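Q: The following block contains a protein sequence and its predicted model.
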Amino acid sequence: MSNPLVQAFFVGRAVAEVINERVEVALTDALSELGKFDAEAKEQLRQFTEEVMARANRAAESSATGTTTGNSSSGGDSVDLQTEIDELRAEIALLRSELQKHRNAAK
């Protein structure tokens with residue numbers, strides 16, 4: 001290769017081929033990782049869905065048989081949830097009225 005123009009042409013061509021190959025490898029790796037991530041995300045979603053459905057089915061079954069599952073405040077004490085909510089609402093109303101009295105007295 002005595003002609004520098006011909007040598008520059010072949011060097012440029014070789015550079016383009018190497019860059020093309022490296023971009024191809026990088027793109028292939030990126031697409032592979034993306035596919036792997038997608039598959040893992042779908043699998044995790046499937047497992048999550050199965051777990052949710054299993055818990056829902058267990059809750060429905062235990063509800064039908066009359067037993068309770070989940071977080072109970074004390075061992076076997078059965079507390080009526082609606083009664084608890086009503087008592088808390090009454091306490092809140094009492095506190096609000098006391099706070100209003102305090103604000104009116106401060107004026």
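A: Yes, it's here.
Q: Using the three-state scheme, assign Ser2.
A: Three-state call for Ser2 (DSSP: H, G, I helix; E, B strand; the rest coil): coil.
Q: How about the contacts made by it?
A: Contacts for Ser2 (C-beta atoms under 8 Å, 6 or more residues apart in numbering) come out as none. The way it works is simple: take the backbone N, C-alpha and C, and place the C-beta from them, glycine included.
Q: how close does Leu31 get to Phe37?
A: 11 Å (C-beta to C-beta, to the nearest Å).
Q: pLDDT weak spots in the chain?
A: 1, 67-79 (pLDDT under 70).
Q: Please repeat the previous calculation with a cut-off of 90.
A: 1-2, 58-87, 97-107 (pLDDT under 90).
Q: what about the helices in it?
A: Secondary structure of the chain (DSSP state H): helices at 4-65, 81-106.
Q: Please convert those to a markdown table, extending it with mean neighbour count.
A: Shown next, in a markdown table, are those (neighbours: other C-beta atoms under 10 Å):
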| stretch | mean neighbour count |
| --- | --- |
| helix 4-65 | 10 |
| helix 81-106 | 9 |
